[in-house]
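K.L.:
okay, here's the prediction I keep looking at, along with the sequence it came from:
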Protein chains: 2
Amino acid sequence: MLQSTRRSLPMSLLRAREVVMAQFRPILAQHGVSEQQWRVIRVLGEQSPLDATELAERASILAPSLTRIIKALEERKLITRGKVEGDGRRVMLSIAPKGQVLISEVSPESSAIYDDVQRRIGHERYEQLLDLLEGLIDLEKK
Amino acid sequence: MLQSTRRSLPMSLLRAREVVMAQFRPILAQHGVSEQQWRVIRVLGEQSPLDATELAERASILAPSLTRIIKALEERKLITRGKVEGDGRRVMLSIAPKGQVLISEVSPESSAIYDDVQRRIGHERYEQLLDLLEGLIDLEKK
DNA sequence: TTTCAATATTTAACATGTTAAGTAGTTTTG
DNA sequence: CAAAACTACTTAACATGTTAAATATTGAAA
């Protein structure tokens, strides 16, 4: 039997993400960063430095995209890029002062939106949803 | 307090979708269609004809992307395109015979994967996840 | 130590996402 | 009825997704 296009898991995940991101996009746009650039900045805000592979993994961005994003963010001095002594292949990325400023500006607005979404969906259901998604993500590792 | 990048809703939705789609992509690639092209074909397989706006809505694809996708699929004769008498602005799209063949080829493999994911995550949790996602999607309409 | 395989990143090429602007056709207003 | 507002779709421009190939470096094997 054919899976309906309405109640299909990939489609629902896509739409749900769309609904949530629609709340965030205006804020990010005001600060001149894309969704992906913001993910990179936020990950580096949590831990710096990180090599490109680790960063790509944590921000869920493919290597070729990351290369381009790094270039753009470095030019705007939001992050910095350095080499690793002992391994000439790797690139180490760190959050820059301007990046930290950006984080401190965007985070409050971002948190407000998270809280709002969480409140509208209900705290319990919100946690439940995250748990189920986590379970789905873990399928990959098996 | 800063939201961790790990347990964040947009990120989890993205990753979960990635895990699921990673199962499908090889099949679609074997048949020479992208994920988005497949969504368009499948929606038209459920109902034809549809005007571009309806199709975009149901396939969760933005109008500019749809324009390009339609062009590609029409050239491959997987779908057909017609005008609406009475409204010169609209474009009506329909599944073509070759498109129906493609659906009949891909669907069994696709269903098998759905079943596998569903089985691995558990039927009940699967339905629960879809319900929660639906609830999140409905936030948009309020 | 030289050669080969593996790793980290980049580049290339093309599809799609995203926002804004453009075009043509249609409906509403005055 | 004519101008204005609206609608459906397309085009444009640039960022990102995606796969494959290229580069440079490192590590392992002969």
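P.N.:
Thanks, I have it.
K.L.:
is the helix ranked longest in chain A positioned near DNA strand C?
P.N.:
Of all the segments of type helix in chain A, defined by DSSP state H, the longest one is helix A:97-121. No. Judged by C-beta under 7 Å from any atom of the strand, helix A:97-121 makes no contact with DNA strand C; its nearest approach is 14.8 Å. Where C-beta positions appear, they are placed from N, C-alpha and C, glycine not excepted.
K.L.:
give me the contacts around that helix.
P.N.:
Taking C-beta atoms under 8 Å, 6 or more residues apart in numbering or on different chains as the criterion, the residues outside helix A:97-121 that touch it are A:20, A:23-24, A:27-28, A:31, A:33, A:38, A:41-42, A:44-45, A:73, A:76-79, A:95, A:126, A:129, B:1-3, B:8-9, B:132, B:135-136, B:139, B:142.
K.L.:
which of those fall in helices?
P.N.:
Here DSSP H is the test, and the contacts of helix A:97-121 give A:20, A:23-24, A:27-28, A:38, A:41-42, A:44-45, A:73, A:126, A:129, B:9, B:132, B:135-136 as lying in helices.
K.L.:
show me which of those are buried.
P.N.:
A residue is treated as buried here by neighbour count (16 or more other C-beta atoms under 10 Å in any protein chain shown); on that basis the buried members of these are A:20, A:23-24, A:27-28, A:38, A:41-42, A:44-45, A:73, A:126, A:129, B:9, B:132, B:136.
K.L.:
DNA strand C contacts on chain A?
P.N.:
A:18, A:21, A:25, A:29, A:35, A:51-53, A:63-64, A:66-67, A:70, A:87, A:89-91.
K.L.:
buried subset of those as a PyMOL selection?
P.N.:
Selecting only the buried members of the residues of chain A next to DNA strand C in PyMOL, with burial defined as 16+ other C-beta under 10 Å, works like this:
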select buried, chain A and resi 18+52+66+70+91
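K.L.:
state the phi and psi torsions of residue A:89.
P.N.:
For residue A:89, the backbone dihedrals (degrees, to the nearest 10) come out as phi -90, psi -30.
K.L.:
how close does residue A:57 get to chain B?
P.N.:
11 Å (C-beta to the nearest C-beta, to the nearest Å).
K.L.:
contacts for the host helix or strand of that residue next, please.
P.N.:
Residue A:57 is part of helix A:52-59 when elements are defined by DSSP states H and E. Residues outside helix A:52-59 that contact it (C-beta under 8 Å, 6+ apart) are A:36, A:39-40, A:42-44, A:50, A:61-63, A:66-67, A:70, A:90-91, A:93, B:5.
K.L.:
keep those, but drop any that are not near DNA strand D.
P.N.:
Checking the contacts of helix A:52-59 against DNA strand D by C-beta under 7 Å from any atom of the strand, the ones in range are A:36, A:61, A:62, A:63.
K.L.:
appreciated, that's everything.
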